[in-house]
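# Here is my input; please provide its structure:
(2 chains)
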Amino acid sequence: MSDFEPKILGFLCNWCSYAGADLAGVSRVQYPTNIRVIRVMCSGRVDPSFILKAFEMGIDGVIVLGCHIGDCHYQSGNHQAEKKIELTSKVLGEIGLQSERLQLDWVSAAEGQKFGKIVTDFTNKIRDLGPISNIEDYPKKAKLGKSIVGASRLRWLVGKEYEIFEKGNVYKEQIDQEEYKDIIWQNVGAEYTKELICSAMADGPRKVRDIAHELALPKKLVFDYITEMENQGIIHLDNFDGNIPNYKLAEGGEE
Amino acid sequence: MAEGKMVGSVLVVGGGIGGIQSSLDLANAGFKVYLVEEKPAIGGVMAQLDKTFPTNDCSLCILSPKLVEVGRHPNIELLTYSDVQNISGQVGDFTVKIKKKSRYVTDACVGCGLCSDACVLAERLPNEFDEGIKKRGAIYIPYAQAVPLLYVVNESQCLFLKNGKCSQKCLDACPSNAINFDMKDQEIEIKVGAIVLSPGYDKFDATVKGEYGYGRFPNVLTSLEFERILSASGPYEGHVLRPSDKKKPEKIAWIQCVGSRDSSIGKDYCSSVCCTYAIKEAIIAKEHEPTIQPTIFFMDMRTHGKDFEEYYNRAKDEHQVRFIRCRVPEITQDPETNDLFIKFETENGDWETEKFDLVVLSVGFEPGASIKSLAEKTGVELNNYGFCQNSELMPLETSVPGILACGAFAGPKDIPETVVEASGAAAKAGGIIMSQRNKLVSQKEYPQEIDVSGKEPRIGVFVCHCGINIGAYVDVPAVVEHAKTLPNVVHADENIYTCSQDTQQLLVELIKKHDLNRIMIASCSPRTHEPLFQETLREAGLNPYLFEMANIRDQCSWVHMEEPEKATNKSKDLVTMAVNKARLIESLPPMSMEVTQKALVIGGGVAGMTSALAIAEQGYDTYLVERESELGGNLRNLKYDLEGNDLTKTLTDLIEKVNARDNIHIYTNTKISNTDGFVGNFHTTLESDKIFDIHHGAIILATGAKESKPTEYLFGEDDRVITQLGLEESLAKGEDFKGKTITMIQCVGSREEGRPYCSRICCKNAIKNAIKLKELAPDSQVFILYRDMRTYGYSEKQYAEAREKGVIFVRFDVSSKPEVKKGQDNLEILVHDPILNEDILISTDILALSPAIVPQDDNETLAKLLKVPLNSNGFFLEAHVKLRPVDFATDGIFVAGMAHSPKSIGESISQAYAASSRASILLSKDSVSIEPTISSIDPEICIGCGLCVANCPYNAIELKLQEGGKKAEVISASCKGCGVCGASCPHLAITMKHFTDREITAQILAFGGECQ
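Residues are numbered from 1 along each chain as shown, chains lettered A, B, ... in the order given. Sure, this is the predicted structure:
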């Protein structure tokens, strides 16, 4: 395991952490060579789908670094990043891609030493975790995860989270943050199930009970999701086998 | 003032950071500038520094873009290696004779350095830039990033020029025949309307203090020499070594006040910057070599600048820098080992001797060698110390009308104060010749932009060696070869310095020659160098956004110095990723918005009024808003200053001047209730007895600060406990203090937990009132209880004067603050004197406290309203503490006065002029260009959910009724390009330009091995 050199991808915000990484250079802080950096203007720019894409490509670890809370050049972008990374970690766990492979941290423009330490520690952590290719079907799992984080309802819920808890909703109501989180996690579960159902239909029309049997899910639940996706135009009724409907994926539904 | 004739150009003397800033401000505000520098290149002392305090920014990295900007500015004529010979005429119309010394090298020089290597004296003459530690030849370039990048032959050193005898190998070595030994000095004559003097300073000659052994002991260095040693481009490539044996030193001592605060050598001023730079050098040295144990020997720790005290605390607590309060009498040396011995007094009064491996002398400022002759030529008066004579209330003026002064020439000061004064002097100069704005300047012409849309990308890749910074660790040729294999790359090459001026010309040629339509440069950081390269693209007719960078220095070669092979592989990956993105990047058309040529100044104190006046003098309408019923701010409570000026009169005069201007519109009793808009186009709602809107292009925030109410020392409980302002009022009223005892306590609420900063002005104020007391009532007893006397600059002299007048100074530690009790008739103050190690009991009639200066209560509200940041202490935070001291990161908004941090009246005035200069640059334009790297929303996909509207921190997205219902739309001028909206949009309707999903994905794919 010791000769394994992980591929590490870093997303760094331009104003703090990228500047901190530059300072590490100016200060000659030495750290492992594994990291490759993509500069974004704000850590809040990092779309969860980028992270899943990276894992799909066989990158072993992804680190997102932003300004310290309160120091965001764009005032609240790092709060948004926090919510997005929280979701992505949850999804990684759900699909079996090890949420430890993703890390969010804060590095200011003056923290060259800290940048070096974070990168060193993260690289070592991923080295210990081993290659992502050890995970069976990791590209397929990552793709599935990418579909989950791309679901519009989830994106909306996560995008709204910071505003709701910082400013209250439009009715100035206090919403319980735990309750809200539960809603998000339920949606992660729901999107995951929907993606599994779609995958089950990948090879042609299927019946509700067959899918339910294959995925070990209650028939009612599978039926409800199929109806929902039918309404969204993702799934169509194909034909009837006697009285029993066969469903299939809409043409061009998958990217 | 001479009527009629006015010349729309300015002479700036001195090419350090001050002269550079003045030149850029003036040139950008529509005036022609002649920048004269006696040395072969601009940059001054700042270019020599390794880092800058208190942020530890790399000095040259932040300076270098400015050097290049000056070098390529169409309205700045750079006259390096030149001297002012003679000045005649008067304000508005000066005639100046300038001697351009012969360089013996023509403009054909490409800066390759082959001549220098070939010179028979190569590596034998001291290199001034490296303080003589490194050597050079008789033909040389001061430093690698020099502007102009032209070699120069030192006439008095070159063997051929001196004796006529030399093999002249340089001539053969030069590939561009740029060396010409027949070149003669040239004299030119120019006409200017105003003059800004910024010739800087010299460091104190440490050999004068023979007791420290400088010049005799090899391991005694000046602070500037040590700065070069710390520098990665310095003589030891950034390794901390001692000169005698090139061994790593473990114990390094800094000795403060060498050539400062020393009346025995006629230097009884404080150089103001040495305490903080010594702390910086100690921290950086330790960062380089964690085993180093730094010790700083000082008298008073003068970290009075913004965030400096916190820096000092970090040095003590986090970096374990040892501070010893003692003026070191002498240094001795072990002649065998060259180790050094310092004798000093310990806290309990014993004398000890300690061995050090290296000693750094914190040398002070003294007037430059050429200042005297410059003063003679200009008629400008110098003060006793040989610096420019100026006054607290007119900090930018010299004794000659039309000639302004800034920077260390006008007294010792740090970089941000120099930059402030430089901008301020530019505003003053601009005010004089405002009628000639835009008369002598030419707009930079760029070639017609080539339309690359739909064209197959033709990428040019340039990999930089950065001297040895990259090339010594990364196999640059291998990276170039790798780049050649990548799709769409049609040209790949390496450069020694891709950022040098001659390489920019080369890039333009290559873009044309190979029909390149995307450029990818692998070098340093886009944070420092992207604007420079983008400018080059424009000069080649390419849209500046057809550019991408790979950071293979700061984030590769410098951080993987022990692993060259892996660093090379990483560089290749970074190049692949950048190229894969470059294949997708597109031109972004420039966007511009009209400018409303009016300013809003918030706050009617000295900073606000001065700002308003300066902008009005430049010819622009100004709204001056004050929340109180009358103008004046804190100045209304101040009666006199250390120079003896009558501040009440100053205030009346200033108000009169402001009232007299037709183009200043004053609103007292008025609050700002809302501001929106963006640079050039702000809309502000003002609220007084009525509510109304104003439109303006710029904002200057000058809301000041205030004296805090002490919560200790019986303040509020006993009438005999007052503040310095209260004492000043009593003194001004003529209250009788005969035979009384007055005690002052400093740092009340400053430099403590919860409020860590130094309030900067209290020491000077206490001295001012103490002297006044002694003058009015010579038999009064005055005690000042202090922690460090921070009488920086010339006020050190008044500190001495106070001592001479019998004021008694007692130091205390924050851990044992004075105790105040009500006695029978008097107040009793018990204070522990650490020098005597005894408790002293003072029976006092009056206790005057020096309370902290605190931010205004509504700073947070105002910060939210204007969307500008505050620092952790609640003062407004500028865009960059060194080089953009009065700008906010948000364009079009500037800060002046105590809203920024506590400061003196003179400092507030300078800053007010600086802010007005920055605002005038903007107001002098009809339109302002805005960054096109913003988000855009596809109305076909948008469902109008409004998530982006709610999340945008700049209110830059609004829902608008369009075909198909409400859709989100980006307000281009307000968008700052963070891209949060793009990452959140539930329906992926938002594209963040220049950081699109496709472009970022392309980088990920490339790292994953997919780049085809």
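# Run through the strands of the stretch 751-900 of chain B in chain order.
B:781-786, B:808-811, B:819-822, B:827-833, B:838-844, B:846-851, B:853-855, B:893-895 (DSSP state E, counting those that start in this stretch).
# Deepest in the core, which of those is it.
strand B:893-895 (a mean of 29; mean count of other CB atoms under 10 Å in any protein chain shown). Yep, even glycine has a C-beta here, placed from its N, CA and C like the rest.
# and it, how far out from the chain's middle?
Distance, stretch centre to chain centre, for strand B:893-895: 16 Å (CA atoms, centre = their mean, to the nearest Å).
# repeat for stretch B:749-758
Distance, centroid of stretch B:749-758 to centroid of chain: 24 Å (CA atoms, centre = their mean).
# Now do that stretch: distance from first to last residue.
End-to-end span of stretch B:749-758 (CA to CA, to the nearest Å): 9 Å.
# measure stretch B:165-185 end to end?
Stretch B:165-185 end-to-end distance (CA to CA) = 21 Å.
# swap that for stretch B:242-250, please
In stretch B:242-250, first residue to last residue: 10 Å (CA to CA).
# swap in stretch B:949-967?
Using CA to CA, the end-to-end distance of stretch B:949-967 comes out at 10 Å.
# got it, and stretch B:913-932?
End-to-end for stretch B:913-932, by CA to CA: 31 Å.
# Report how many residues lie close to residue 18.
Since you didn't name a chain, this refers to chain A. 29 (other CB atoms under 10 Å in any protein chain shown).
# look at chain B instead
Around residue B:18 there are 33 residues (other CB under 10 Å).
# doesn't it fall inside a helix?
Yes: under DSSP: H, G, I helix; E, B strand; the rest coil, residue B:18 sits within a helix.
# what residues are up against it?
Residue B:18 sits next to B:44, B:198, B:200, B:406, B:407, B:408, B:409, B:418, B:419, B:421, B:422 when contact means CB atoms under 8 Å, 6 or more residues apart in numbering or on different chains.
# pretty sure residue B:941 contacts residue B:988?
Yes: using CB atoms under 8 Å, residue B:941 is in contact with residue B:988, at 6.9 Å.
# Highest neighbour count among the contacts of residue B:18?
Among those, the one with the most neighbours (other CB under 10 Å) is residue B:406, at 35 neighbours.
# picking that back up, could you point out which of the strands of the stretch 751-900 of chain B sits nearest residue B:465?
strand B:893-895 (39.7 Å; CB to CB).
# In CSV, list the C-alpha atoms belonging to whichever strand or helix holds residue A:191.
Assigned by DSSP states H and E, residue A:191 belongs to helix A:177-200. Presented in CSV, the C-alpha positions along helix A:177-200 are these (Å, rounded to 0.1, in the frame of the first residue of the first chain):
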residue,chain,number,x,y,z
GLN,A,177,-32.7,22.8,11.4
GLU,A,178,-32.6,19.1,12.3
GLU,A,179,-36.0,18.7,10.7
TYR,A,180,-34.9,20.4,7.6
LYS,A,181,-31.8,18.2,7.4
ASP,A,182,-34.0,15.2,7.8
ILE,A,183,-36.0,16.3,4.8
ILE,A,184,-32.8,16.6,2.8
TRP,A,185,-31.6,13.2,3.8
GLN,A,186,-35.0,11.7,3.0
ASN,A,187,-34.7,13.3,-0.4
VAL,A,188,-31.2,11.8,-0.9
GLY,A,189,-32.7,8.4,-0.1
ALA,A,190,-35.6,9.0,-2.5
GLU,A,191,-33.3,10.1,-5.3
TYR,A,192,-31.1,7.1,-4.7
THR,A,193,-34.0,4.8,-4.9
LYS,A,194,-35.3,6.5,-8.1
GLU,A,195,-31.9,6.1,-9.6
LEU,A,196,-31.8,2.4,-8.7
ILE,A,197,-35.2,2.0,-10.3
CYS,A,198,-34.0,3.6,-13.5
SER,A,199,-30.9,1.4,-13.5
ALA,A,200,-33.2,-1.6,-13.2
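# Remind me what that helix packs against, helices and strands.
Contact partners of helix A:177-200 among helices and strands, from 3 or more CB pairs under 8 Å, 6 or more residues apart in numbering or on different chains; DSSP states H and E: helix A:77-95, helix A:138-150, helix A:152-167, helix A:208-215, helix A:219-231.
# by contact count, what packs against the last one?
This means helix A:219-231. helix A:177-200, helix A:208-215, strand A:235-241.
# can you list the ones you listed in a markdown table and add mean neighbour count?
Supplementary listing: those in a markdown table, determined by neighbours: other CB atoms under 10 Å in any protein chain shown:
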| stretch | mean neighbour count |
| --- | --- |
| helix A:177-200 | 16 |
| helix A:208-215 | 16 |
| strand A:235-241 | 13 |
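# Make TSV from the ones you listed and add distance to residue B:825 and mean pLDDT to it.
Shown next, in TSV, are the helices and strands packed on helix A:219-231 (distance: least, CB to CB, whole Å; pLDDT from 0 to 100):
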stretch	distance to residue B:825	mean pLDDT
helix A:177-200	62	91
helix A:208-215	93	92
strand A:235-241	95	88
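# picking up where we left off before, more neighbours, residue B:941 and residue B:988?
Taking other CB under 10 Å, residue B:941 and residue B:988 do not tie; residue B:988 has more neighbours (15 against 12).
# Please settle this for me: is that one part of a helix?
No: read with three-state DSSP, residue B:988 is coil and lies in no helix.
# what residues are up against residue 49?
Assuming you mean chain A. Counting by CB under 8 Å, 6+ apart, residue A:49 makes contact with A:146, A:149, A:150, B:997.
# was after chain B, sorry
With CB under 8 Å, 6+ apart, residue B:49 has these contacts: B:59, B:60, B:227, B:231.
# okay, it: pLDDT?
Per-residue confidence at residue B:49 stands at 95 (pLDDT).
# how far away is it from chain A?
Distance from residue B:49 to chain A, counting by CB to the nearest CB, to the nearest Å: 13 Å.
# again with residue B:280
Counting by CB to the nearest CB - residue B:280 and chain A are separated by 13 Å.
# Can you report phi and psi for that residue?
With angles defined as degrees, to the nearest 10, residue B:280 sits at phi -60, psi -50.
# what's the neighbour count on it?
That count, for residue B:280 with other CB under 10 Å as the rule, works out to 25.
# burial of the closest residue to residue B:346 other than its chain neighbours, as a residue count?
Sequence neighbours aside, residue B:352 is the residue nearest to residue B:346 in space, at 5.5 Å (criterion: CB to CB, 6 or more residues apart in numbering or on different chains). By other CB under 10 Å, the residues close to residue B:352 number 11.
# give me every residue that touches residue B:352.
Counting by CB under 8 Å, 6+ apart, residue B:352 has contacts B:343, B:344, B:345, B:346.
# what pairs with the third one across the strands?
Beta-bridge pairing of residue B:345 under DSSP bridges involves residue B:351.
# Just confirm yes or no for stretch B:282-293 near chain A.
Yes: residues of stretch B:282-293 are located near chain A by CB under 8 Å from any CB of the partner chain, namely B:284, B:287, B:288.
# I'd say the last one and residue B:230 touch.
It stands for residue B:288. Yes: with contact defined as CB under 8 Å, residue B:288 counts as touching residue B:230 (6.7 Å).
# Thanks again, I'm all set now.
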